[in-house]
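**Q** Requesting a structural model of the entry that follows:
(one chain, ligands or ions: 1)
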Amino acid sequence: SLATAAPPTFHPTRLPPYQTLLNNLETVRKVTDNQPLSLAEKILFSHVRNPEEVLARAGNVRDFRGKEYLPLKVDRLAMQDASAQMALLQFMTCGLPQTAVPASVHCDHLIQAFEGAEADLKRSIASNHEVFKFLESASKKYGIEFWAPGSGIIHQIVLENYAAPGLLMLGTDSHTPNASGMGCLAIGVGGADAVDALTDTPWELLTPRLLNVHLTGTLSPWCTPKDIILHLVSRLTVRGGTGRIVEYSGPGLESLPATGLATMSNMGAEVGATTSCFGYNDAMGRYLDATGRSEVKAGAQGAAARGLLSADKGAEYDERIEINLDTLEPCLNGPFTPDLSTSISEYTTRAKDAKARDHPLELSAALIGSCTNSSYNDLARCSSLAKQALDRGMKVKCSFDVTPGSEQVRATVERDGITSIMEQVGGRVLANACGPCIGQWDRKECQGEENVILTSFNRNFRSRNDGNSKTHNMLASPEIVTAMAFAGRLDFNPMTDSLTAPDGKPFKFDPPVGEELPTNGFTPGEAAYLPFPAPEPQPDVEIAIDPTSTRLEHLQPFGSAFSEGKYELDGLRCLMRIKGKCTTDHISAAGPWLKYKGHLSNLAENTLIGATNAETDRVNSAVDYETGKEDTIPNVAKAFKARNQPWVLVADHNYGEGSAREHAALQPRFFGCQVIVARSLARIAETNLRKQGVLTLLFANESDYELISAGDEISTKGLEPLMKPNGDLTAQVTLVVRKPDGKVLEIPTKHTLSKAHIDWIRAGSALNVIREQATQ
Ligand code: F3S
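**A** Residues are numbered from 1 along each chain as shown. The predicted structure follows:
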């Protein structure tokens, strides 16, 4: 039997620095001449370092949007088990005794769903043992709160414990904005940004544009916050939120629970939004009380009274959308894309028409929960439907899986009889983890067959859930998923249609009902899942990495190419010239390589395997100038590394576009890349490369790109004035290129390097700078 834990005691690190934020807001007001500010601007600007200097640059704060980068002070960081590995391995090399901001690690993505919670957890812990051990030991050493496998999904745990009004937090997962449901700004980032937060390096964000979504009216009893976002995604499409924050307002918000706001901000990721935000309200206060954080509630109330947690009257937005909740119907979105939305009445009518369908009418599986929809309120409302059916002796007609978002929710719904109802109607409770949402679903049924599943999750790209490209995956609210599971068919509209109960009489669902929060409070569940009592660093802890491991490897700090009095580079060789598009996926492929996220030498075997060689026009092909032999790019790069031969990469336009994946910078650097010269560079890739100590240059004349070939010997001229301490940032660098026939070319370049970037490159990496400062 499981030992029930006492509720975790409130730790002061969970309280946002309200006084500092309010002081900063006052400064912002002065610098911006009291221009009306949106809520998103208030939270962002009160986290800007040097607001006097940074914000003074704009006459009108709107001029910042989409143009200026804000150097931000982050309050908190959360990392999931897959992305935490490289972030922590990097952090370990900088020699700091503890993280600069409160941080947490969550073991959730690596748990596979197969037979049910207990067995699945056991198996996943066994197969990922070394990764979990590493994360746990590193967390202990540096004072990070470690949430063990089984404790729950990162976003639900963050919501229950850390998300707080006015906070600026980062998370290494795209659905981090879930936490914004609690009135903060929570943003999903890559590992390099996580390292910024862990080391208190200013985190830079391009000032987002603002979309105001104004809600009026009230939801009908079958409608849920999930339907608001399913509807909004269809209006904005999957790209409509890029570079924007969605700021909600209006009387329609008043009747929504805080966890419903979290569902809406969670799926803001589906329109590509930076994040979403909501002004502080009573529902957030109730949720803070229920989750043992009355101190945060009191602080938030004080900050709200002084104007930090709501938009000013007259705040300006770049676009405004109004949704009248009175007119909204439950939606079904999909298949294969979250922005294809149909109202349930239209969907079920269409499903009846065999000619309009390219898939079977029967539902093969119904799944509820995940980080998107596993609040107490969600599960209570679902169980109210299941109970109605149970009372008439009915069972679900397809497999019905429930993924609780956290141990706290799991234990509380079990105590309150919700789980028992779900199980009595034929449901199965999976582990508190991502499971089928991220393809960690060892599904035996329907493999290779056309079939339809209905989930309350957030994403429905082809093959995402079960790896079967023929699985049509539709998204809906958990209530609709539950009700439709009893029909087992897609032409059933629970709002209007009846089913036949075992007694032969018709059965029609009444609308779902459920408590917003558990009347008897939450119970934390099993003690072993809670992080250690206080996030104090334990410097004596040894970090567990088996030297023979294929999944984890200590990172060795990169060396510097410069020394006192030597600030030019020479003897470099061009590895290859890349043609056309080269995204982070081309530089560091995902898929099966993901298991090596914590093992740089193994992962580096995929370096640039998607890149096209401009001289041979072949993908993943390079020629080693010394042997004249053609080989894969990683093999040639490895040969250069073995000869201690530093190299230059020549790239085309927008090198490194795509995700913020830091491996795309780490891997070339690991093999000895010292300079990347390109026609243009994607900004995040450029920053990531500089952080790893790679000098990034741009061709002054784009046509010079053609002039450098594999094997050319390259040195720099004019780098010294730029690179020496306190050097001249206006200095320009010339690449001196010696061809095999002895001909010498001089190629002018330009750059956008700042003083900090130069310091990083001179030291060999940004982490080396931090380590030097820490040991001074
Ligand atoms: Fe996990 Fe799926 Fe959420 S992968 S974090 S449950 S989107």
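**Q** what comes into contact with stretch 716-727?
**A** The contact list for stretch 716-727 (CB atoms under 8 Å, 6 or more residues apart in numbering) reads 562, 567-570, 675, 695, 728-729, 731-736, 746, 751, 753, 758, 761-762. For every residue, glycine as well, the C-beta is placed using N, CA and C.
**Q** Can you select the buried ones from the residues you listed in PyMOL?
**A** Listed next is the PyMOL selection for buried residues among the contacts of stretch 716-727, using 16 or more other CB atoms under 10 Å:
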select buried, resi 562+567+569+675+695+732+733+734+735+736+751+753+758+761+762
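**Q** Sort out which of the contacts of stretch 716-727 are in strands and list them.
**A** Residues of the contacts of stretch 716-727 located in strands (DSSP state E): V675, L695, T734, L735, V736, E746.
**Q** Looking at those residues, point me to the pair that's furthest apart.
**A** Pairwise distances across the ones in strands among the contacts of stretch 716-727 peak at 17.2 Å for L695 and E746 (criterion: CB to CB).
**Q** got the residues of the stretch 251-400 of the chain near the ligand?
**A** Counting by CB under 6 Å from any ligand atom, the stretch 251-400 of the chain comes close to the ligand at S370, C371.
**Q** According to the record, where do the domains of the chain fall?
**A** 17-326, 329-437+447-524, 572-775 (automatic domain parsing).
**Q** Just send those back as JSON lines, with mean pLDDT too.
**A** Shown next, in JSON lines, are those (pLDDT from 0 to 100):
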{"stretch": "domain 17-326", "mean pLDDT": "94"}
{"stretch": "domain 329-437+447-524", "mean pLDDT": "95"}
{"stretch": "domain 572-775", "mean pLDDT": "95"}
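**Q** I'd assumed R669 was in a strand, is it?
**A** No. Under DSSP: H, G, I helix; E, B strand; the rest coil, R669 falls outside any strand and is assigned helix.
**Q** Where does T419 fall, secondary structure wise?
**A** helix 418-424 (DSSP states H and E).
**Q** Touching the helix or strand following that helix from outside, list them.
**A** As assigned by DSSP H and E, the chain's next helix or strand after helix 418-424 is strand 427-429. For strand 427-429, contacts defined as CB under 8 Å, 6+ apart pick out 116-117, 386, 396, 399-404, 410, 419, 422-423.
**Q** In a markdown table, list the residues you listed along with neighbour count and distance to E270.
**A** Shown next, in a markdown table, are those (neighbours: other CB atoms under 10 Å; distance: CB to CB, whole Å):
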| residue | neighbour count | distance to E270 |
| --- | --- | --- |
| G116 | 13 | 29 |
| A117 | 21 | 28 |
| A386 | 27 | 27 |
| V396 | 20 | 27 |
| S399 | 18 | 25 |
| F400 | 26 | 24 |
| D401 | 22 | 22 |
| V402 | 27 | 22 |
| T403 | 29 | 19 |
| P404 | 31 | 22 |
| R410 | 30 | 26 |
| T419 | 20 | 29 |
| M422 | 25 | 27 |
| E423 | 15 | 31 |
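**Q** Closest to the ligand out of these?
**A** T403 (7.4 Å; CB to the nearest ligand atom).
**Q** Quick one: residues contacting that closest one.
**A** T403 sits in contact with 113, 153, 367-370, 374, 429-437, where contact means CB under 8 Å, 6+ apart.
**Q** now, which of these lie within strands?
**A** Using DSSP E, the contacts of T403 in strands are L367, I368, G369, V429.
**Q** Okay, and which of the contacts of strand 427-429 map to strands?
**A** Those of those lying in strands (DSSP E): S399, F400, D401, V402, T403.
**Q** A strand includes V54, no?
**A** No. Under the criterion used here (three-state DSSP), V54 is helix, not part of a strand.
**Q** now it: how far from L21?
**A** Per CB to CB, to the nearest Å, V54 is found 16 Å from L21.
**Q** repeat for S703
**A** Applying CB to CB to S703 and L21 gives a distance of 50 Å.
**Q** Over to D503?
**A** 61 Å.
**Q** Next: N688.
**A** Distance from N688 to L21, by CB to CB: 29 Å.
**Q** Q408 too?
**A** For Q408 relative to L21 (CB to CB), the value is 28 Å.
**Q** Surely M182 touches A262?
**A** Yes. The criterion here is CB atoms under 8 Å, and M182 meets it with A262 at 7.0 Å.
**Q** Could you list the residues of the protein in contact with the ligand?
**A** 108-109, 153-155, 173, 175, 370-371, 434, 437-438, 458.
**Q** Tabulate these (a markdown table), appending neighbour count.
**A** A markdown table is the format used below for these (neighbours: other CB atoms under 10 Å):
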| residue | neighbour count |
| --- | --- |
| D108 | 30 |
| H109 | 21 |
| I153 | 33 |
| I154 | 33 |
| H155 | 33 |
| D173 | 26 |
| H175 | 26 |
| S370 | 29 |
| C371 | 29 |
| C434 | 31 |
| C437 | 26 |
| I438 | 21 |
| N458 | 26 |
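**Q** could the residues you listed go into TSV alongside distance to N606?
**A** Formatted as TSV, those follow (distance: CB to CB, whole Å):
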residue	distance to N606
D108	25
H109	20
I153	28
I154	26
H155	29
D173	22
H175	26
S370	29
C371	29
C434	24
C437	25
I438	21
N458	28
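**Q** Cool, thanks, signing off.
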